[in-house]
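Trainee: Got a predicted structure plus its sequence, pasted below:
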Amino acid sequence: MMNKARVIRVGAVAAASALTIGGLTACAPGGDTPSDGTTTITWWHNATTDPQKGLWEDVAAEFEKAHPGVKVEVTGYQNEDLQRTLIPNALASGDAPDLFMVWPGGEVRAQAEAGYLKDLTDVASDTIDALGGVANPWKVDGKQYALPYTFGIEGMWYNKDLYAQAGIDAVPETLPELEDANEKLRAIGVAPIAVGAGDLWPAGHWWYQFALAACSTETLQTAIPALDFSDPCWVEAGDLLKDFVATNPFQDGFLASSGQQGADSSAGLVANGKAAAELMGHWNAGQIGSLTPDATVPSWLGWYPFVSVPGTAGDPDIAMGGGDGFGIYKDAPDVTVDLLKYILSDDVQKRFAETGAGIPTNPAAIDSVSDPSLKLIAEGLANASFVQLWLDSDLGPTFGNPLNQAVVNLMAGTGTPEDIVKALEDTAAAL
């Protein structure tokens, strides 16, 4: 059984059960047609490459066809720009998109408390009920302010052929085993692990994982909502990362690399065989596939959970993850709710699953997941003792940039473990 957590955090058992209960009623687009001219819905998302980008464009076109008089302007942006700059600025200016990405935990809470989001509790009650526990991280004080279309945990995406070539017979389960595997990969002339530290957040996730290893689950559950980082485990996380970086696990020039944009990004290096693995979220199969020569998910791509760290206070079976969801701006046209319901319909969620871009939240679409790695992620989600939301999302929207920058400084040798904790404390003090 998992530990109890805050309302905004979803446990592994709840998330897994939400992926196995009865399906959503198909919600084919078919709302009222406006009679006084065209209604425009602006929709921002974080898919910048196919197949997911193309799917969202198809969904917009289908919705327009079924709703004469409705125009859907759909645009994809790079995730970090969208999450950290574009959406916050648009909300603050009062000129926000109608449908946009909303992340769980502290981020949805901050936006709901500021009055930016439409309350979906009643207008989307059937969809909420069908999604079940997986929607809980997008609730604030018992009200539903956004709905997730994908949820999963992160882990190591790896090239099975390169691992075999290096003589790695079984995937690593502990940090010493990972470091041993990295040495074998270096010996065959490939970078053991790729990371896009130039985008900050991919590097930040390495510290997040070591924080989960260093801190007990009880500490995570109490320290994060209280913004109390006095426990020594937070500094220990930086010590663990510093020691790991000293083993030379990453590609040359990792500090300037992008995470997901182009052949030289960390995902691109894995896609073209120059790096053997990457720590990334559940969406990464589609991202890597889009950067291969034939733009398909390669058969050699595998996945395994992040390793445990012996001798630390963290639960070895803990996982970190989250999901992507959409919320609706408070002043958006009412028909925007119908678009959101259509995105979460059986048909669209099955098509999303078939792209390999992630694990759908609609239980009726789970059987459409064909990618073997995504099936492993679903299994890992079910087996996790506790699922901690992405730390930057759980802490709130103001924490991501200073926290991730402090992590990159540590990895560059210009910062310390204590500097990371100070960035957290300074951000909390400024709230």
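Mentor: Arrived safely.
Trainee: so what strands line up beside the longest strand along the chain?
Mentor: In terms of residue count, the longest strand belonging to the chain (DSSP state E) is strand 318-328. Using DSSP bridges, the strands paired with strand 318-328 are strand 99-102 (antiparallel), strand 146-153 (antiparallel), strand 386-389 (parallel).
Trainee: For it, give the mean pLDDT please.
Mentor: Across strand 318-328, the average pLDDT comes to 94.
Trainee: Could you identify the helix or strand that succeeds that strand?
Mentor: Downstream of strand 318-328, the first helix or strand assigned by DSSP states H and E is helix 335-343.
Trainee: Check which element follows that following helix along the chain.
Mentor: Stepping forward along the backbone from helix 335-343, the first helix or strand reached (DSSP H and E) is helix 346-355.
Trainee: returning to that earlier point: got a markdown table for the strands paired with strand 318-328, with mean neighbour count, mean pLDDT and distance to residue 291 too?
Mentor: Where you see a C-beta, it was placed from the backbone N, CA and C, and this is true even at glycine. Listed next are the strands paired with strand 318-328 as a markdown table, based on neighbours: other Cβ atoms under 10 Å; pLDDT from 0 to 100; distance: least, Cβ to Cβ, whole Å:
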| stretch | mean neighbour count | mean pLDDT | distance to residue 291 |
| --- | --- | --- | --- |
| strand 99-102 | 25 | 97 | 22 |
| strand 146-153 | 26 | 95 | 20 |
| strand 386-389 | 26 | 90 | 27 |
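Trainee: Now render those strands as a markdown table, adding distance to residue 199.
Mentor: Listed next are these as a markdown table, based on distance: least, Cβ to Cβ, whole Å:
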| stretch | distance to residue 199 |
| --- | --- |
| strand 99-102 | 16 |
| strand 146-153 | 20 |
| strand 386-389 | 20 |
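Trainee: what's the closest of those strands to residue 111?
Mentor: Nearest to residue 111, of all the strands paired with strand 318-328, is strand 99-102, at 6.6 Å by Cβ to Cβ.
Trainee: Need the residues that contact that closest one.
Mentor: Here strand 99-102 makes contact (Cβ atoms under 8 Å, 6 or more residues apart in numbering) with 41-46, 82-83, 87, 90, 108, 111, 117, 138, 145-146, 324-329, 332, 336, 339-340.
Trainee: one more time with 6 Å, if that's ok
Mentor: For strand 99-102, contacts defined as Cβ atoms under 6 Å, 6 or more residues apart in numbering pick out 43-46, 87, 108, 146, 325-328, 336.
Trainee: Equivalent analysis for stretch 189-202, please.
Mentor: With contact meaning Cβ under 6 Å, 6+ apart, stretch 189-202 is reached by 80, 162, 182, 185, 203, 249-251, 254-259, 265-266, 269-270, 275-278, 404-405, 408.
Trainee: pLDDT weak spots in the stretch 251-400 of the chain?
Mentor: Within the stretch 251-400 of the chain, no stretch has pLDDT under 70.
Trainee: how distant is stretch 125-138 from the center of its chain?
Mentor: Here stretch 125-138 shows a centroid-to-chain-centroid distance of 18 Å under the convention Cα atoms, centre = their mean, to the nearest Å.
Trainee: I misspoke; the intended subject was stretch 58-76.
Mentor: With Cα atoms, centre = their mean as the basis, stretch 58-76 stands 26 Å off its chain's centre.
Trainee: ends of it, how far apart?
Mentor: Start-to-end span of stretch 58-76 (Cα to Cα, to the nearest Å) is 13 Å.
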